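Novice: Structural data only, the sequence is not supplied:
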């Protein structure tokens, strides 16, 4: 259906169900309970980030997962997309349609330039070239391009901006033809409260579209060509094929995904700054992709979801929360446990992230998706299922 | 003229740091073939060794002096460093003031150990994996190291001053015939430059003039043959990893008076050092040193007001610009061999 095989279609349906029901699924605990305050992730601001970073990493995965080219400067496209969107808000109106369109287009143009130059080299040189370009964009956004980017203050919409398309009674926040992004309805059921927000559902629809497109790309002849380039580019060249245009297209598509994510970020919160382009932001994208599982379809969504969840949930846990949790235990045990756990939560969540990331890179090169597949294989061992990721690993081993 | 001299000098201290880090990176890459993204973190750990030394030296106990009273009328309590009991009050103060240079004796064993532990515990298992995996795992390690430091020392920069003898500035211009106050330069930066020159010379001398260094160079050229000659090259390469870590650590410790150590200083230097390595040529030690100083000085020139007037913002991007131009026109870098890491 929809040009997908049965298996892919099921996967798409799962993603559709998960994204549409996310406000319910991610709110498993009653609002007022302490578990609910700590672990509920179903609030709009976080849900939007799940969807937006999902789009970003899906795009990154089209480049890195299919071609093996590791871009360490992908955040630049995100930043450019955000700037483009905010400029549309400033010049035209708060309607998000032109903003998002322009952010995709600008990021696409930007990635043509960077991609054309960077793709002349491969391996670590490609990584460093993209890194250098992203750092240059970051530095320029902070210094010379201040008229365009508003420097350290960050670009935002002021009352004095022209907004030529905005009518008299137009909303003063991003909207979709009059439907404000921030409008929401809350469903109260007993102790539970589920908030459904327009902004999140816009991001969710975009995520579904982005995911569908990525399945089509993965299964298309174009996707096969990219995989062929990954496994042996030299051989492709020897057969008389020019691989450059394919690589460039993969880079541009990937950049446009990032631009879309940047545009959506601006649409949810109409201000942006250069720090979105800093290289650690690019590093975060890489971490998300690896954690989820590079080269798999669902991996990017898993990776970005896990990291954004940890970022928001683990970083909220402070000493008081820990005291609440372990309060029932005898004092020495309680204090010992808190002493053990405290460095890994709250401000220390990056430590947890770093350790998790290292464990995944060392033991699960296929990411959490591979971990899930292995677990599944463990349970159906009689049928002798070998996962795709394991096959990949075996192939790599035999190649060495 | 004096402005140019000043910018060259300004470039030297940054260039020294770049050169030292890039030298370590290249040592690791040249011997073990590993791209170490955690090298900036090693630099940072070195800087925090200086902080630790300062804290160790100023460990104090409280002494109650019954003859004096504080403003509340209680007996005066003063903190006296333990060192004072050995060296006297004066000696203790001056020792604490010298904590940054003294930290060298702490840095070398600590960093050798950290390097050895990193290589044996982690990097060893990544020789056969793709370069992308090596980059990723060391990137993860860098995050972990940086966060451990933050958990221990807090998120704020910690001041660690240079010894009083070397703090302040010197009017270098008067020595070479410029007007007074034309070329004023902080003394510690001169010290740093001299220190890094010594370290670089020592590393090269070690590789060039000792039997151990000769074997290591042979291993860099052809690891297999050296192994067949019955030499345990892995053991020596492990030691080279420790040495590279020590070089990065020393660079960091001595840099502490120039930039107060904070937990993300490693990441800030890492990107630039990689650019330096690539410009110098992957795997070329002289290239790394040359490119380090060259880029440092270029950055100095780019921040001159005259240059900025013509090309606004050039000071921010000049290093990356040079890197891009070099990578596109001469991918092996200034002094590298062709075909390294091209797959």
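Specialist: Yep, that arrived. Predicted model only: the values in this text are computed from it and were never measured. Numbering: from 1, shown residues only, chains lettered A, B, ... in the order given.
Novice: can we go C-alpha only for contacts and neighbour counts from here?
Specialist: Noted.
Novice: List the contacts of residue B:137.
Specialist: Going by Cα atoms under 8 Å, 6 or more residues apart in numbering or on different chains, residue B:137 touches A:357, A:358, A:361, A:362.
Novice: one more time with 6 Å
Specialist: Remark: with contacts taken as Cα atoms under 6 Å, 6 or more residues apart in numbering or on different chains, residue B:137 is in contact with residue A:358.
Novice: Helix or strand for it, just tell me which one.
Specialist: helix B:131-153 (DSSP states H and E).
Novice: Which SSE is immediately downstream of that helix?
Specialist: Using DSSP H and E, the first helix or strand after helix B:131-153 is strand B:169-171.
Novice: Relative to that following strand, what are the paired strands and their orientations?
Specialist: Paired strands of strand B:169-171, with direction, are strand B:184-186 (antiparallel) (DSSP bridges).
Novice: buried stuff in the helix or strand just after the strand it pairs with?
Specialist: Using DSSP H and E, the helix or strand that directly follows strand B:184-186 along the chain is helix B:187-209. Under the neighbour-count criterion of 16 or more other Cα atoms under 10 Å in any protein chain shown, helix B:187-209 has B:187-190, B:192-193, B:195-197, B:199-200, B:203, B:207 buried.
Novice: Compute the inter-axis angle for the following helix or strand past helix B:187-209 and helix B:187-209.
Specialist: Sequence order places helix B:211-221 as the next helix or strand after helix B:187-209, per DSSP H and E. With axes from the mean of the first three to the mean of the last three Cα atoms, to 10 degrees as the basis, helix B:211-221 and helix B:187-209 are set at 80 degrees to each other.
Novice: Which strands or helices does helix B:211-221 pack on?
Specialist: Helices and strands touching helix B:211-221, as assessed by 3 or more Cα pairs under 6 Å, 6 or more residues apart in numbering or on different chains; DSSP states H and E, are absent.
Novice: Contacts for whatever helix or strand comes next after that helix next, please.
Specialist: Next helix or strand after helix B:211-221 toward the C-terminus (DSSP H and E): helix B:223-228. Residues outside helix B:223-228 that contact it (Cα under 6 Å, 6+ apart) are residue B:219.
Novice: Could I get the buried residue list for helix B:223-228?
Specialist: Residues of helix B:223-228 classed as buried: B:223, B:226 (neighbour count, 16+ other Cα under 10 Å).
Novice: Mind checking the pLDDT average for it?
Specialist: Mean pLDDT, helix B:223-228: 88.
Novice: which is the next helix or strand following it?
Specialist: Helix B:223-228 is succeeded, C-terminally, by helix B:233-255 (DSSP H and E).
Novice: Can you check the pLDDT for residue A:110?
Specialist: 94.
Novice: Now it. Nearest residue, chain neighbours left out?
Specialist: Excluding its sequence neighbours, the residue lying closest to residue A:110 (Cα to Cα, 6 or more residues apart in numbering or on different chains) is residue A:77, at 7.4 Å.
Novice: Can you tell me the element the one you found falls in?
Specialist: Counting by DSSP H and E, residue A:77 is part of helix A:75-91.
Novice: Please list all residues in contact with residue B:26.
Specialist: residue B:283.
Novice: hang on, residue B:64 in a helix?
Specialist: No - with DSSP: H, G, I helix; E, B strand; the rest coil as the criterion, residue B:64 is located in strand rather than a helix.
Novice: Apart from its neighbours in sequence, what residue is nearest it?
Specialist: Here the residue nearest residue B:64, using Cα to Cα, 6+ apart, is residue B:77, at 4.6 Å.
Novice: now swap in residue B:290 and tell me
Specialist: Using Cα to Cα, 6+ apart, the closest residue to residue B:290 is residue B:280 (6.8 Å).
Novice: quick revisit: need the pLDDT of the residue nearest to residue A:110.
Specialist: pLDDT at residue A:77 comes out at 96.
Novice: how far away is it from residue B:88?
Specialist: Using Cα to Cα, to the nearest Å, residue A:77 is found at 61 Å from residue B:88.
Novice: residues in contact with stretch B:101-116?
Specialist: Taking Cα under 6 Å, 6+ apart as the rule, stretch B:101-116 contacts B:49, B:50, B:53, B:241, B:242, B:245, B:246.
Novice: same thing but 7 Å
Specialist: B:46, B:49-50, B:53, B:238-239, B:241-243, B:245-246, B:249-250, B:254 (Cα atoms under 7 Å, 6 or more residues apart in numbering or on different chains).
Novice: Tell me where the model's unsure across the chain.
Specialist: Chain wasn't specified; assuming chain A. Residues of chain A meeting the criterion pLDDT under 70: A:381-400.
Novice: Please refer instead to chain B.
Specialist: B:338-343.
Novice: Sticking with the residue sitting furthest away from the middle of it, tell me its helix or strand.
Specialist: Each residue of chain B has a distance to the centre, and by Cα atoms, centre = their mean the biggest one is for residue B:73: 49.5 Å. Using DSSP H and E, residue B:73 is not contained in any helix or strand.
Novice: Repeat that for residue B:128.
Specialist: Using DSSP H and E, no helix or strand contains residue B:128.
Novice: Given the helix or strand hosting the residue nearest to residue B:64, what are its sheet partners and their directions?
Specialist: According to DSSP H and E, residue B:77 maps onto strand B:75-81. Partner strands and pairing direction for strand B:75-81 (DSSP bridges) are strand B:60-69 (antiparallel).
Novice: ok, and what's touching the partner strand?
Specialist: B:75, B:76, B:77, B:78, B:79, B:80, B:81, B:82.
Novice: got a list of what residue 222 touches?
Specialist: Here I'm looking at chain A. Here residue A:222 is in contact with no residues (criterion: Cα under 7 Å, 6+ apart).
Novice: sorry, should have said chain B
Specialist: Residue B:222 touches nothing, counting by Cα under 7 Å, 6+ apart.
Novice: Any figure for the gap between it and residue B:215?
Specialist: 10 Å.
Novice: Hmm, residue B:162 and residue B:256 touching each other?
Specialist: No - contact status for residue B:256 versus residue B:162: not in contact, 8.3 Å apart, counting by Cα atoms under 7 Å.
Novice: Of these two, give the one with the bigger neighbour count.
Specialist: residue B:256 (24 against 21; other Cα atoms under 10 Å in any protein chain shown).
Novice: Nearest residue to that one in space, please, no chain neighbours.
Specialist: Residue B:256 sits nearest to residue B:47 (Cα to Cα, 6+ apart), 5.5 Å away.
Novice: For the one you found, give its distance to residue A:53.
Specialist: 35 Å.
Novice: now residue A:144
Specialist: Distance from residue A:144 to residue A:53, by Cα to Cα: 29 Å.
Novice: who's more crowded, the two?
Specialist: residue A:53 (27 against 17).
Novice: Let me know the secondary structure of the more buried one.
Specialist: Applying three-state DSSP: residue A:53 is helix.
Novice: for it, what are its contacts?
Specialist: A:261, A:304.
Novice: chain center to stretch A:17-32: distance?
Specialist: 20 Å (Cα atoms, centre = their mean, to the nearest Å).
Novice: Apologies, that question was intended for stretch B:160-174.
Specialist: 20 Å.
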